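Asks: Turn this into a structure:
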Amino acid sequence: MLIINIKGLVGLHPKDKLVLRGNELGNLPVLENAWLLIEDGLIKDFGEMSSIPSQISNLPSQVSAEGRYVFPSWCDSHTHIVFAASREEEFAMKIQGKSYEEIAAAGGGILNSANKLRKASEDELFESAAVRLKQMILQGTGAVEIKSGYGLTTESEIKMLRVIRRLKDHFPIPIKATFLAAHAFPAEFKNDHQGYIDLIINEMLPVIAKENLADYIDVFCEKGFFSVEETDQILKAGAKYGLKPKIHANQLSVSGAIEVAVANNAISVDHLEESNEETIETLKNADTIVTLLPSCSFYLGIPFANAKSFINAGLPVALATDYNPGSTPSGNMNFVVSLGCIKMKMFPEQAINAATLNGAAAMEISVDYGSIAVGKKANLFITKPMPSIAYLPYSFGENMVDRVILNGEFYNG
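Replies: Here you go, the predicted structure:
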């Protein structure tokens, strides 16, 4: 495939640039009036239209992108898209001003999703998640991480991870699986935290390792959920089975989650709506990626993470959706990029880099995804005609994704 007359080819980072830290996020190279050649699912070459090689200029499979931009696909590194049912019954409770903790105490929240998921079959879960994933792809997402965590029993957690494996087999994008049984304590273990942790360590982890069902292990480290000590115990147990840590950290309070994450060499710390100078100082001494989830703040009405403080401290920042039925019922990365700009005061270049190359880095796939470079996978999208790159986050209510390319081929769902 040869794409010609591209108004702007976005994200031309060197192939060996695998993550962007601090001020680097403001650098988003764009080649104007460009062409792009795709061969065998990979980016073969690109350049300016004025110097397109004669031997390829007459290829029959040409696509004109006049007035349009070509972006690397969004890389969404934090989702919970395997769930049994939506939770719009909690919507009115949020509107009434009920807090996240109050909704959970009333039988809503994570335990609500867990109860529904236990009754759903693997086929039902796969079919509903596939619909969500297809919609995400059509909105420009070309790589995704998916967590378990709505099972909270051995049987249901394994069921979720098997569904994620089926999604990997059925969709043409890289999918990373994260084991998140430490999402909440089931009601039957409300007063026996160690009993549930023992179940995770002694029953769930051996099965997951045997079936190779997960890449990462995650813990919701927060007051009222898993303590720092409990988090440390679970992460160390996961490490024995080769599962790398990703942490839900500082969503509702500064909890000590960042310190335990860094001590366990976490790939990413996710949320960070609440943070302080100690948080930043701890992260300065680590390679851990700061993954921010602004559509969660938008939906719950909680503070937005202070993206600028992390960027100014020289840290690598990623953006992801947190798509889930309770706190972020949307997988639209375009809206996440808009919120990064509107609510977290990121520049468009910073937000786009955070949603592409750094999102890929948070899934450890930035060698092949997240930017435009010769030899990388041709997972891209072509926009509708736009006056500038900034128009994409500016026009937050419009869908500016026109055509999606995965592995060098158009994807139509």
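Asks: Tell me, how many residues neighbour the closest residue to residue 189 other than its chain neighbours?
Replies: Spatial nearest neighbour of residue 189, excluding adjacent residues (C-beta to C-beta, 6 or more residues apart in numbering): residue 196 at 3.8 Å. Any C-beta I mention is one placed from the backbone N, CA and C, and that applies to glycine too. Residue crowding around residue 196 was assessed by other C-beta atoms under 10 Å; the count is 21.
Asks: looking at this protein, which helix or strand is least sure?
Replies: Within the chain, judged by mean pLDDT, DSSP states H and E, the helix or strand with the poorest mean is helix 100-105; its value is a mean of 79.
Asks: Would you map the strands across the stretch 1-150 of the chain?
Replies: Along the stretch 1-150 of the chain, the segments classed as strands by DSSP state E, counting those that start in this stretch run 2-10, 30-39, 42-48, 62-64, 69-72, 74-76, 141-147.
Asks: Point out the most buried one among those.
Replies: Across the strands of the stretch 1-150 of the chain, the average number of neighbours (mean count of other C-beta atoms under 10 Å) peaks for strand 74-76, which reaches a mean of 32.
Asks: so who does the residue nearest to residue 401 when sequence neighbours are not counted touch?
Replies: In space, not counting the residues next to it along the chain, residue 401 is nearest to residue 140; the distance is 4.4 Å by C-beta to C-beta, 6+ apart. With contacts defined as C-beta atoms under 8 Å, 6 or more residues apart in numbering, the neighbours of residue 140 are 71, 73-74, 333-334, 381, 401, 404.
Asks: now, which of those lie within helices?
Replies: 333-334 (DSSP state H).
Asks: Name the nearest of the contacts of residue 140 relative to residue 267.
Replies: residue 74 (18.5 Å; C-beta to C-beta).
Asks: I'd assumed residue 2 was in contact with residue 56.
Replies: Yes. Under the criterion of C-beta atoms under 8 Å, residue 56 lies in contact with residue 2, with a separation of 6.0 Å.
Asks: Which neighbours do these two have in common?
Replies: Looking at what touches both residue 56 and residue 2 (by C-beta under 8 Å, 6+ apart), the common residues are residue 37.
Asks: For the residue nearest the centre of the chain, what are phi and psi?
Replies: In the chain, the centroid-proximal residue (C-alpha atoms, centre = their mean) is residue 77; its distance is 2.2 Å. Geometry field for residue 77 lists phi and psi as phi -100, psi 10, criterion degrees, to the nearest 10.
Asks: what's the answer for residue 107, then?
Replies: The phi/psi pair for residue 107 (degrees, to the nearest 10) is phi 90, psi 10.
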